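Q: The following comprises the amino acid sequence and a computationally predicted model.
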Amino acid sequence: MSIQVRNLVKSYGGHRVVDDVTFDVAAGELVALLGPSGGGKSTILRIIAGLDSADQGEVWLDGNRVDHVHPRDRQVGFVFQHYALFRHMTVAQNVAFGLDVQGESKDSQDERVKTLLQVMGLQGLGDRMPTQLSGGQRQRVALARALAPRPKLLLLDEPFGAVDAKVREELRRWLRKLHDEVHTTSIFVTHDQEEAFAIADRVLIIQKGGLEQAASPTQVLDEPATEFVARFVGEVNVFDGVVKGGHAWIGSIETPVNGHAEGTKVRLIVRAYDLKFWVDPQGPAKVNRVLPLGDRVRVEAELLDGAPIFAQFPRRSSLLHGIEPGSRIAVEVTHARAWAAE
Amino acid sequence: MVEAKRRVPDAQAKLVFGGIVAYLSVLLLVPLAALVLAVVRHFGDVVEQLTSGEAFHAMGLTLVVAAICITLNGVFGIAGALVLVRQRFFGRRFLDALVDLPLALSPVMTGLAFLILFGRSGALRPVVDLLGFSVAFAWPGVLLATLFVTLPFTLREVALVLEEVGDHEEQAAATLGASAWQTFRRVTLPNIYSGLSIGTTLTLARALGEFGAVLVVGGGIANKTETATTFIHTAVEERQEPAAFGMALILAAAAIALLLFLQNRKAKV
C-alpha cells in the first residue's frame, strides 16, 4: 500500500505536536520514523491508522483519501508499544481476533493462526494467556495478531521499546526478515537510531513535530540535512570555526568546507570516526582519557583552549600507538559538515 | 539484631493490638450475636410470623426492586462509566462529581424529593397520572428511590476498572476490523467484568438494606409498598418483635453472604 501524507497538523492543548508534515511511502517500503521522544512520531503513526484525527492535512492510502475512514476499514495492522494484547484471551484467540470479527471461517482461522505462530516461533503457546508470556513473546503475539488479517500496511509504535536489549536485537533482525519475505508496506516509530538504521530502507527524522530529513540510513549519516539531524544520529563533536581560503579553521586545525563565504563563522559537526589522532609532542590537543569499548577505543582529549574533543578508533588501530592520558596529539578532521553559525 | 528484636511485639504492643482486635470484634459481632440469640429464643414465633403473606410480600418486593436496580444500574452504569471515562465533553467533571450525590445525600431527603415531585401537587404528578400509574406511596416510588440511592455503585466500580485498563485494547480491536459492538462485547465487557460484579454486589447489598428513602416515598404500606426493611420497622412498632428479629437476621445473612462473595472477588482481581 502506498501512502501520501500531506501537510499534517495536530495540536494538543495549543501545542503543535505535528507541524506541517508531508511525506510519501512507496508500496513495499520499510520506513522508520526516528526522533527524540515526544517529537510527534507516534501521533503521525496514529493519524495514519485513524486512531487519532489530524487538525489539518490529508492522508492518502493507495490513492484514496482516508481522513474520514474508520480505522477498522483501513486494512492497517497496528502494533502498540505496550502490546495491547487482549488480556482475557489466549494467544491463539488474540491472533484469530481480526479474522474472526471479519467473518472468516473457523477452519481458515485455525490454519492462519497455526501458520503465524509457527512463523513467529510461538508454536505450542497458543493456549497460554498473555500474562504467561515473556515481553519478547508478547511482542511477537502482537505482531502475529496485526498480521493475521493480511493488512496492506503495518504500523509499529516503538515496537521493541519494552523488551530487553538482547531480545530487541533478535526482534529487529526478525522484523527485517519478515518484511523481506512478505513485503507489507511498514512504518515503525523509534527513538533509537541504531534500530532505525538496522531495519529501515528509509528513515524519516522527526523533531518537534516537523520532518527534518527523509533519506536512506547512509544518506542521513553522510549528508545530514540539518544540524539537528547531524547531532541526533550518533555522538558528534561540535566546533565553531571561521572560513578562510575554502577551509574552516578551528584554532590551528583546518578542514575543507564548501559553500560558505570567506570570513563567515560556521558550526562544524564532526563524527567520532571522522577524526584522526596521533602522538605529536607539538600537537594542539592533550589526551584526558582512553576508554576501551569492546571492539573500539574511545579517546577523549581537550584542545589547548580547553574545548573537549573525542574520537573512536578500531581497537588495533596503529593511530592509537602511544596514546595515553597526558600525551599531546595531532588532530586531523577527515570529514566535517558545516552550517552557518547563528 | 536490633531489627530482629523489634519484630517481637513487647507487652505494650500486644496490649494495643489485642485492644484493637477486641474493639472491632465486639462492635461488629455483638449486635449480630444478639440478633441470632433473639431469633433462637423466639424461634417458634419467628417462623409463624414470617410465613405470613405480609412478610412474603415485603421480601418479594425487595427482591424484585433489587433485581430491577441491578439490571438498570448494570446497563446505565456501564454506559455512564464509558461516557465519563472515555469521552471528553463540557461539564464532564461536574457530572462526574454529581454521580456521587446519592452517597452524600441522606436517604430521607431522597425520599422527600421524590414525594415533592410525585406527591399530591408534585410537578411530575400530571405526567404519571396521564400515564396511569402512581409513584408516591406505590411500588414505582420504592423502585425509583432505590434506583437513585444505588446509582453510583456499578458506575464507579466499572469506571475504576476502565480507567485502569485503558483503551489500547479497544483501539487494537478497531484496527483489526471489529465493529463497535464486537469491540464492546468481546473486549470491553470481559475487561470490566470484575468491576461489574463488584458494583452489582454493592448495588444488591444497598438495595436490600435501603430504608429511609423507601419509607418516606413508599410509606411502608403492608402488602403494597412494604419492603424487608420497612417490614422490620412496622413489626417493631406493632410489637411483633419476633417477625422483626427474623427479617433482620435474613437481611444480615444476605449482607454477610454478599460480603464474602465480594472478598472472594476482590482477592481474584
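A: Here it is on my side, so go on.

Q: rest of the way, CA atoms for contacts and neighbours
A: Fine.

Q: residues from the stretch 151-269 of chain B in reach of chain A?
A: B:168-169, B:171-179, B:182, B:187, B:190-191 (C-alpha under 8 Å from any C-alpha of the partner chain).

Q: Now, of those residues, which are buried?
A: Neighbour counting over these (16 or more other C-alpha atoms under 10 Å in any protein chain shown) leaves B:168-169, B:171-179, B:187, B:191 as the buried ones.

Q: In helices only, show me those residues.
A: Counting by DSSP state H, the part of these found in helices is B:168-169, B:171-175, B:191.

Q: In a markdown table, list those along with pLDDT and distance to B:D45.
A: A markdown table is the format used below for those (pLDDT from 0 to 100; distance: C-alpha to C-alpha, whole Å):
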| residue | pLDDT | distance to B:D45 |
| --- | --- | --- |
| B:H168 | 94 | 60 |
| B:E169 | 96 | 58 |
| B:Q171 | 95 | 61 |
| B:A172 | 96 | 62 |
| B:A173 | 96 | 60 |
| B:A174 | 95 | 62 |
| B:T175 | 95 | 66 |
| B:N191 | 95 | 48 |
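
Q: tell me the two of these that are most distant?
A: Pairwise distances across those peak at 18.3 Å for B:T175 and B:N191 (criterion: C-alpha to C-alpha).

Q: Where does the stretch 101-250 of chain A get nearest to chain B, residue-wise?
A: In the stretch 101-250 of chain A, the residue found nearest to chain B is A:V101; the distance is 5.4 Å by C-alpha to the nearest C-alpha.

Q: so that residue touches B:T183, yeah?
A: No. Using C-alpha atoms under 8 Å, A:V101 is not in contact with B:T183, being 9.1 Å away.

Q: Count the neighbours of A:D274 for me.
A: Other residues lying near A:D274 total 17 when counted by other C-alpha atoms under 10 Å in any protein chain shown.

Q: got a list of what it touches?
A: A:311, A:333-336 (C-alpha atoms under 8 Å, 6 or more residues apart in numbering or on different chains).

Q: Quick one: buried ones out of those residues?
A: Buried among the contacts of A:D274 by 16+ other C-alpha under 10 Å: A:311, A:333, A:335-336.

Q: Pipe these into JSON lines and attach distance to A:G121 and pLDDT per row.
A: Below are these laid out as JSON lines (distance: C-alpha to C-alpha, whole Å; pLDDT from 0 to 100):
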{"residue": "A:A311", "distance to A:G121": "41", "pLDDT": "91"}
{"residue": "A:V333", "distance to A:G121": "47", "pLDDT": "89"}
{"residue": "A:H335", "distance to A:G121": "44", "pLDDT": "86"}
{"residue": "A:A336", "distance to A:G121": "45", "pLDDT": "86"}
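
Q: Return the residues of the stretch 51-200 of chain A in contact with chain B.
A: Looking at chain B, the residues of the stretch 51-200 of chain A close enough under C-alpha under 8 Å from any C-alpha are A:51, A:71-80, A:84-88, A:97-98, A:101-102, A:146, A:149.

Q: Return a PyMOL selection command for the buried portion of these.
A: Burial among these is assessed by 16+ other C-alpha under 10 Å; the matching PyMOL selection reads:
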select buried, chain A and resi 51+71+72+73+74+75+76+77+78+79+80+84+85+86+87+97+98+101+146+149
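
Q: Output the below-cut-off pLDDT ranges for the chain.
A: Answering for chain A, as no chain was given. Of all residues in chain A, those with pLDDT under 70 make up the ranges A:342.

Q: my bad, the chain I had in mind was chain B
A: Those would be B:1-9, B:269, if you go by pLDDT under 70 across chain B.

Q: Which segments of it make up each domain?
A: Split into domains by automatic domain parsing, chain B comes to B:1-41, B:43-268.

Q: which of the ones you listed sits most buried?
A: Among the domains of chain B, domain B:43-268 has the highest mean neighbour count (mean count of other C-alpha atoms under 10 Å in any protein chain shown), at a mean of 19.

Q: quick one: terminal-to-terminal distance for that domain?
A: 38 Å (C-alpha to C-alpha, to the nearest Å).
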